[in-house]
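> Make a model of this:
(one chain, ligands or ions: 1)
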Amino acid sequence: MFLKKIVATKQKEIDILKQKGQQDHVLSLAKNTPRSLSAALLATSFGIIAEIKPASPSKGVIQAEIDPITIATEYERGGAIAISVLTDRTYFQGSAENLINVRASVGLPVLRKDFIIDAIQIEESLQMGADAILLIVAILEEKQLKDLVQHAHQLGLEVLVEVHDEQELKAALSCEADVIGINNRNLHSFETNLETTERLLPMISSAQPVIAESGIHAPADALRMKNAGAAGILVGEYLMRQTNREQAIQALLSEV
Ligand SMILES: O=C(O)c1ccccc1NCC(=O)[C@H](O)[C@H](O)COP(=O)(O)O
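Coordinates of the predicted model:
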């Protein structure tokens, strides 16, 4: 239900983007030198993608009045291999400005975390300076997923394809995902369960790195995801709530 509401909001945002005719000038934009999320994951035994997530539908406000540059710098110093930035304003209190500022302040790959259902949002991601985008299988048709992955690749962006069950995993494995993300959160009920990663990961034998997303709240959870075979984890709320984020990342890494 909530997911449908988010998608309806995105459709309105897309209509506005299309009215502005953004596509016309995207090709003339100078692109950042890309930073590869998949290569960063493959280069380490276990990587943390640290998320800038001011609020969420399930938890409400997590951190009001954030300074995204300070947070991203703390994440980088702690040893994160990439930064995920929520750009949705309505439900997560994120923004495109957060991503632009973070990308300019750290040397890590930056993932745009939003609800992408149209090619114009991928062009918008490129304009923001993102290195990678998220595609959520739950809100896409199979053909749409493949087309969006292809479009992202044509623009030099990597794609994290997110799944929550066996059916979605099948779709993810049939597109050219750069990274597969198993979301432990059910996006309909908001319930998180780390068993989701433990159940789905053994079904993946492809070469892409697989990460576990959501519901990681302690070093023991990070270890559990590593033991399940994950190449890394994506952590939002837990890190956002820490007073010392640098140490919190080091603590998560110290257990794996
Ligand atoms: O976080 C939510 O409440 C949410 C609700 C509806 C759709 C997506 C949602 N979150 C996106 C994510 O999956 C997380 O931001 C990400 O995986 C980090 O999760 P966490 O570490 O549990 O904050």
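
> which residues touch residue 204?
169, 173, 180, 210 (C-beta atoms under 8 Å, 6 or more residues apart in numbering). Yep, even glycine has a C-beta here, placed from its N, CA and C like the rest.

> Tell me the spacing between the closest residue in space to residue 241 that isn't next to it in sequence and the ligand.
Nearest residue to residue 241, sequence neighbours excluded (C-beta to C-beta, 6 or more residues apart in numbering): residue 62, at 6.5 Å. From residue 62 across to the ligand, the span is 8 Å (C-beta to the nearest ligand atom, to the nearest Å).

> how about the strands in the stretch 1-150 of the chain?
With strands called from DSSP state E, counting those that start in this stretch, the stretch 1-150 of the chain shows them at 47-52, 55-56, 60-61, 82-86, 110-113, 132-136.

> Can you give me every residue that contacts the most centrally placed residue in the chain?
Centroid-nearest residue in the chain, with C-alpha atoms, centre = their mean: residue 113, separated by 4.5 Å. Residue 113 makes contact with 51, 53, 84-88, 94, 134, according to C-beta under 8 Å, 6+ apart.

> swap the cut-off to 7 Å and go again
51, 84-87, 134 (C-beta atoms under 7 Å, 6 or more residues apart in numbering).

> Buried only: go through the residues you listed for me.
51, 84-87, 134 (16 or more other C-beta atoms under 10 Å).

> now those residues as JSON lines including pLDDT?
Shown next, in JSON lines, are the buried ones among the contacts of residue 113 (pLDDT from 0 to 100):
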{"residue": "51", "pLDDT": "98"}
{"residue": "84", "pLDDT": "98"}
{"residue": "85", "pLDDT": "98"}
{"residue": "86", "pLDDT": "98"}
{"residue": "87", "pLDDT": "98"}
{"residue": "134", "pLDDT": "98"}
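
> Show me which of these is closest to the ligand.
The ligand has its nearest neighbour among these in residue 51, at 5.2 Å by C-beta to the nearest ligand atom.

> Pairing-wise in the sheet, spell out the partners of the closest one.
residue 84 (DSSP bridges).

> so what's residue 53 up against?
62, 86, 92, 236-237, 240.

> 10 Å instead, please
Neighbouring residues of residue 53 by C-beta atoms under 10 Å, 6 or more residues apart in numbering: 59, 62-63, 66, 71, 84-86, 92-94, 113, 235-240.

> that older thread, can you list the strands of the stretch 1-150 of the chain in TSV and add distance to residue 101?
Listed next are these as TSV, based on distance: least, C-beta to C-beta, whole Å:
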stretch	distance to residue 101
strand 47-52	10
strand 55-56	18
strand 60-61	20
strand 82-86	9
strand 110-113	10
strand 132-136	17
